[in-house]
Every structure is written in structure tokens, then in C-alpha cells.
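*Asks:* Sequence first, then the predicted structure, then my questions.
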Amino acid sequence: MFFKDVVGQKEVIEDLLREISSQKIAHGKLFVGSPGYGTLAVAMAYSRFLLCENPQKEDACGACSSCKQMDELQHPDVHYVYPVVQTVSKTSEGLLNEWRQLVKSTPYFSMFDWIKVIDDKERNPIIGVEESKEIVKKTNLKSFQGSYKIMIVFGAEQMNLECSNKLLKVLEEPPPKTLFILLAENLQAILPTIQSRTQSLIFPKLSTFEIAGFLEKERRMERHAADGLASFSEGDLSRAINLLENGEFMEIYRDAFIQLMRSCFKKDVNEMMEWAESMSTHSKERQKLFVLYALHMLRQCNVLNYLGADHVRVTKEEMTFIEKFSPYITGNNLRQFTDTMDSAYYGLERNASSKMLFTEMSFQVMRYIHRA
Ligand SMILES: [Zn+2]
């Protein structure tokens, strides 16, 4: 990963380059944002630049031995820490091959993508006490190449309290030329004491334009389809890649959305209950994606109503449905629809019972759809 490979995030990269040229590098950094905004990608490009033996003005050289080691994710002075399911492995080291393989495929992946790789039961991974001992051990090693030692901590909010406290001690008295880059989606989940010992850098969402550009160039998608996928990705490239690679789920979401709207329109309570039942059999992540998809479709109906078909970002099949359905989405109910989806998403994030949640959603949709 080079800076030039990072999608968007120009300001973040400029800030980092400015800091390097001022030669006052903060030894603890906290990159805040979804991995799909590029936190890991930037951390890797930054490490490469910092350790490059022949850095150019704005990027690493790509040819020196340090760059070659970075290519293989085998640089002896760059350590990766990531959450692990404790019954599978207590430390990152035990899953290094899996990590390298995933990162090499793309540094734009979500925590859920990582969980799927390491545990088919999809249990919650943590960064625990055994890992913290490793961190302390590695930070006390001498650097191999006399330059910085860098510790990139992916999913830092998954550190348990014991590990956080150990890390805090290291951050309070860091060994010389040691750099910590903590990556976290949610700033609030990081201990305030750690926040105050690190310099936080907030990563904004990517623009639809940036994501569509990536899909077009790197994944050879047609512009129209790339725009549609990008606008449903909520500024998160890992989500766009996921949707692209799991195209069959897009069809499942589309059919589920159409089914919900039809049953609710007919006020067929039995069908609505069946729908909620079948939605609840999907994994939590897929349920959340469905809710985002529904939000996207509702917004696209509104776009069609107010701006016309040229501005709608959907596939041909979706358009066939939206053309008939959009008259039922108006200023009288759009807000209520989006509030319903927002609160469903919030509920799923907090592990609400999905069967109840989707049942409730269907009743709300039934009410609002007849208010158009
Ligand atoms: Zn180099």
C-alpha cells in the first residue's frame, strides 16, 4: 500500500506528510473511522513511507529493501495487532497467515470480514491480556533497521480493560522511536486516558464519487452500476467491495424489500409476520445491510419523484419496481420511513431481538405506506 493507492483522504495524508517534514512525529496516533474509510490503508502507506530508505517527496520509493518487505507484509519493524477469538488463538501471532492473506487481498475490509475469516461461528474477537504482553515485549525489542518500530492496532476498541491499561503504560513512557497507530471505528469506545495520550485523526466518509471511481477503475464496473453501488455504500469502501463480491445478497435484499412493501400495501398481516420471521434467520450483519439497503431504495424513490430518472442510482431491475412504487413515497411519509429504518439499524447494533424488530418495522411500514 502506497499513499497513491489510498482512495480519497487527501487531507489526512497531507496532515501526516506535514508532520513528518516538521520532524515532530507524535508517537501515539489514533485513526478514527471505519476501516472502509481507509484507516488501515493509510496506516500501512504511512508506515511504508516512514521506513522507506529512499522516500520521494510524497510517497515511498517502492524499490528499497524496506519497501520490498512491506510488499510482503513481512517488515520486521512493523507489527500488526488485531482482535482474535480467544478459543481460536490468544494472540495475533497465531493468525498471522490469515491476516496477511486478507490484507493482501485488500486493506479495505470490515471487522465482520475479519471475523468471518478467523471463526466460522462468528464469535466476538478481543485484544486480550496475552496480546498486551506481546505488545510490551515487541516494543522493548531493538528495531532491526535502526529506524522506527511501528505497531498498528486494528480494531483498537476491542482491547479489553487489562490490555488497555497495559498499553496505556507503554504510551506514557514509550521506548524511543516507537510508534503506535491505533485504528478505531468509534472514539467513545477508547479509554479517555488513551485518547489523551494519542493524537487523534478523524477519517471522514469517502464520497460517492471516490468510491464509484475506485469501482470503475479497479473493479472494472460500468459507470452506472458503480454509481448505484457507491451510493448505497454510505461512504464505506469495504461495504462496496463486500456488496460487489456478494452480488447474490443484493438480489436477496431487493426481493426482501419488494416483498415487504407489497405485503404492507395489501395489509396482509400473515405475510408480514412470515417476512419478519424469515429476515430474522439472516446474520446480524446481513440484517443491518438490509436496513441500509431499504434506506437507499426509499431515498432513490424520493430522488425519482423530485429530480427525475437521470439522478436515480439503481439497477435496471430495481428501477422497474421503483417506477411503480415511488408514488407511495412522498413528503407525507418519507421522514417516518427513514426514522423507522434508522431506529431499526440502531436496534440491531444493540442486539435487539430481530424478529420483534422486523415485525414492528413491517407494521410501521404498513401504516406509513397508506399515508402517502
Ligand atoms: Zn522504499
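*Replies:* Done, it's in.

*Asks:* And the helix or strand of the chain with the lowest mean pLDDT, how far out from the chain middle?
*Replies:* The weakest-scoring helix or strand in the chain, judged by mean pLDDT, DSSP states H and E, is helix 223-231 (a mean of 81). Distance, stretch centre to chain centre, for helix 223-231: 18 Å (C-alpha atoms, centre = their mean, to the nearest Å).

*Asks:* do stretch 154-167 as well
*Replies:* Centroid separation for stretch 154-167 versus its chain: 19 Å, with C-alpha atoms, centre = their mean.

*Asks:* Kindly report the same for stretch 73-92.
*Replies:* Put simply, stretch 73-92 sits 19 Å off its chain's centre (C-alpha atoms, centre = their mean).

*Asks:* ok, longest helix in this protein?
*Replies:* Longest helix in the chain, counting residues (DSSP state H): helix 284-307.

*Asks:* What residues sit buried inside that helix?
*Replies:* 285, 287-305 (16 or more other C-beta atoms under 10 Å). No exception for glycine: its C-beta is placed from N, CA and C like everyone else's.

*Asks:* coming back round to it: can you list contacts of the least confident helix or strand of the chain?
*Replies:* With contact meaning C-beta atoms under 8 Å, 6 or more residues apart in numbering, helix 223-231 is reached by 208-209, 211-213, 215-216, 219, 221, 240, 243-244, 296, 300, 313-315, 318.

*Asks:* among those, which ones are buried?
*Replies:* Neighbour-count burial (16+ other C-beta under 10 Å) applied to these gives 208, 211-213, 215-216, 221, 240, 243-244, 296, 300, 313-314, 318.

*Asks:* tell me the two of these that are most distant?
*Replies:* Using C-beta to C-beta, these span at most 22.0 Å, a distance reached by Gly213 and Glu318.

*Asks:* just checking, what packs against the longest strand along the chain?
*Replies:* In the chain, taking DSSP state E as the definition, the longest strand is strand 178-184. Applying 3 or more C-beta pairs under 8 Å, 6 or more residues apart in numbering; DSSP states H and E, one finds that strand 178-184 contacts strand 28-32, helix 39-51, strand 149-153, helix 161-172.

*Asks:* got JSON lines for those, with mean pLDDT, distance to Phe358 and mean neighbour count too?
*Replies:* What follows is the helices and strands packed on strand 178-184, written out as JSON lines (pLDDT from 0 to 100; distance: least, C-beta to C-beta, whole Å; neighbours: other C-beta atoms under 10 Å):
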{"stretch": "strand 28-32", "mean pLDDT": "97", "distance to Phe358": "31", "mean neighbour count": "23"}
{"stretch": "helix 39-51", "mean pLDDT": "97", "distance to Phe358": "32", "mean neighbour count": "24"}
{"stretch": "strand 149-153", "mean pLDDT": "97", "distance to Phe358": "36", "mean neighbour count": "24"}
{"stretch": "helix 161-172", "mean pLDDT": "94", "distance to Phe358": "35", "mean neighbour count": "16"}
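
*Asks:* need the ones you listed in JSON lines with distance to Gln74, can you?
*Replies:* Listed next are the helices and strands packed on strand 178-184 as JSON lines, based on distance: least, C-beta to C-beta, whole Å:
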{"stretch": "strand 28-32", "distance to Gln74": "22"}
{"stretch": "helix 39-51", "distance to Gln74": "12"}
{"stretch": "strand 149-153", "distance to Gln74": "14"}
{"stretch": "helix 161-172", "distance to Gln74": "24"}
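
*Asks:* Serialize those to TSV and add fields for distance to the ion.
*Replies:* Listed next are these as TSV, based on distance: least, C-beta to the ion, whole Å:
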stretch	distance to the ion
strand 28-32	21
helix 39-51	7
strand 149-153	15
helix 161-172	28
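
*Asks:* quick check, nearest of the buried ones among the contacts of helix 223-231 to the ion?
*Replies:* Checking these against the ion with C-beta to the ion, the nearest one is Gly213 at 26.7 Å.

*Asks:* ok so that closest one is a helix residue?
*Replies:* Yes - applying DSSP: H, G, I helix; E, B strand; the rest coil, one finds Gly213 inside a helix.

*Asks:* what sits against it?
*Replies:* Counting by C-beta under 8 Å, 6+ apart, Gly213 touches 7, 226.
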